[in-house]
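Asker: Below are the sequence and a predicted model for it; my questions follow.
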Amino acid sequence: ELERAAALDKGTQRAGILLTMSYLRAKEPGKAMDAVMQMEKNGNNPLIQNLKGGVYLAMHDLDGARASFEEAIKLDPLYMPALDNLARLDALEKRAGGASKRYLDALARSPGNASLMEALARTAASEGKTAEAMQWLERGLKENPDNVRMALRLVEGYARTDAKQEALVLAQKLEASHPDNIEVLGMLAHVSYLNGNYPAAAEEYAKLTRIAPNNATLHARYATVQMSMKDMPGAEASLRKALAIDPGMGGAQLSLLNVLVGQKKFPSALALAKSVQQRQPASVH
């Protein structure tokens, strides 16, 4: 069906893109290349060249992949998927500085571009240049003050570099302007926990679990805070909610076991251990 649709679709080429991706998933890169070459005949653009580079990667042809990604950049110097793919190739082939120069060239064409500054921060971090990475994130947020994603990356960066107070202040500002954003609330809860403000973290996680009651990870993180506050009954309740949503959540199983033992609920702990053993007989105990 996709082959017929691709033959008829000379405009958007969506069918050809889907056909190429289907061949890649089926591990038939030769047919994927035939499909993408047919699209190229019907009209070239950065997306097709980026897709072609992906097919070359599937064929383990790094030179062909690089040439296609570079052709995409010639067609659109600000095409982020191809810029990112070239950065990955640079890292794979250990070409130091190549990715940064390419992103900087693009930034010169589009000053203040948040995606490019985030990419520069990511590249610097991957090269162990933590201070430079933070400078790019700070500059990115300064020039794009309403960019939530950039702000969250900066909070993460502060937390990783032990600037926990700066992380907390920025997370609180974000929460004030985006009170219903789950990512923002989750980051504030995490940073509050890192700063040792367990009641504030517990309040945020309680809010998050009300907003997203079917998120097992949030219930498990709430339990971690409750354990730090020595609220073992609360932690038990949160862990049971997490496991009701995701029974195979290994970390939650182990935490619940410890909580039950800590409360001297030995029969319940033994029942849980047996239940896990039956579900996962190959597990190491």
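Answerer: All right, it came through fine. Numbers count the residues shown, from 1 in each chain.
Asker: Break down the stretch 101-250 of the chain into its strands, ranges please.
Answerer: For the stretch 101-250 of the chain, applying DSSP state E, counting those that start in this stretch gives no strands.
Asker: mind listing the helices for it?
Answerer: In the stretch 101-250 of the chain, the helices defined using DSSP state H, counting those that start in this stretch lie at 114-126, 130-143, 148-160, 164-177, 182-194, 198-211, 216-228, 232-245, 250-262.
Asker: helices and strands around the third one, which ones?
Answerer: This means helix 148-160. Helices and strands touching helix 148-160, by 3 or more Cβ pairs under 8 Å, 6 or more residues apart in numbering; DSSP states H and E, are helix 114-126, helix 130-143, helix 164-177, helix 182-194. Glycine gets a C-beta too; all of them are placed from N, C-alpha and C.
Asker: got the angle between the last one and helix 198-211?
Answerer: Counting by axes from the mean of the first three to the mean of the last three Cα atoms, to 10 degrees, helix 182-194 lies at 160 degrees to helix 198-211.
Asker: Use 50 as the first number for this chain going forward.
Answerer: Sure, I'll start numbering at 50, so the last one becomes helix 231-243.
Asker: Which positions in helix 231-243 come out as buried?
Answerer: Using 16 or more other Cβ atoms under 10 Å as the test for burial, helix 231-243 gives 233-242.
Asker: okay if I get these as JSON lines plus pLDDT?
Answerer: Shown next, in JSON lines, are the buried residues of helix 231-243 (pLDDT from 0 to 100):
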{"residue": "Val233", "pLDDT": "95"}
{"residue": "Leu234", "pLDDT": "94"}
{"residue": "Gly235", "pLDDT": "94"}
{"residue": "Met236", "pLDDT": "95"}
{"residue": "Leu237", "pLDDT": "95"}
{"residue": "Ala238", "pLDDT": "95"}
{"residue": "His239", "pLDDT": "94"}
{"residue": "Val240", "pLDDT": "95"}
{"residue": "Ser241", "pLDDT": "95"}
{"residue": "Tyr242", "pLDDT": "94"}
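Asker: rewinding a little: and the helices and strands packed on helix 197-209: which comes nearest Asp139?
Answerer: Nearest to Asp139, of all the helices and strands packed on helix 197-209, is helix 163-175, at 8.7 Å by Cβ to Cβ.
Asker: What residues sit buried inside that closest one?
Answerer: So, applying 16+ other Cβ under 10 Å, buried residues of helix 163-175: 163-174.
Asker: Is it possible to get a markdown table of the helices of the stretch 150-299 of the chain that adds distance to Glu119?
Answerer: Below are the helices of the stretch 150-299 of the chain laid out as a markdown table (distance: least, Cβ to Cβ, whole Å):
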| stretch | distance to Glu119 |
| --- | --- |
| helix 163-175 | 17 |
| helix 179-192 | 24 |
| helix 197-209 | 27 |
| helix 213-226 | 37 |
| helix 231-243 | 34 |
| helix 247-260 | 44 |
| helix 265-277 | 40 |
| helix 281-294 | 46 |
| helix 299-311 | 43 |
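Asker: Those: which one's closest to Glu77?
Answerer: Across these, Glu77 has its closest neighbour in helix 163-175 (31.8 Å, Cβ to Cβ).
Asker: Skipping its backbone neighbours, what lies nearest Asn246 in space?
Answerer: Leaving aside its sequence neighbours, Asn246 sits nearest to Leu217 (Cβ to Cβ, 6 or more residues apart in numbering; 7.9 Å).
Asker: Check Arg289 too.
Answerer: Leu305 (6.9 Å).
Asker: Just read off the phi/psi values of Glu176.
Answerer: phi -90, psi 10 (degrees, to the nearest 10).
Asker: Hmm, it is touching Gly147, no?
Answerer: No. With contact defined as Cβ atoms under 8 Å, Glu176 does not reach Gly147; the gap is 11.1 Å.
Asker: How much space separates Leu135 from Ala116?
Answerer: Using Cβ to Cβ, to the nearest Å, Leu135 is found at 11 Å from Ala116.
Asker: and these two? which has more neighbours close in?
Answerer: Leu135 (23 against 15; other Cβ atoms under 10 Å).
Asker: just for the stretch 150-299 of the chain, where's the confidence low?
Answerer: Within the stretch 150-299 of the chain, no stretch has pLDDT under 70.
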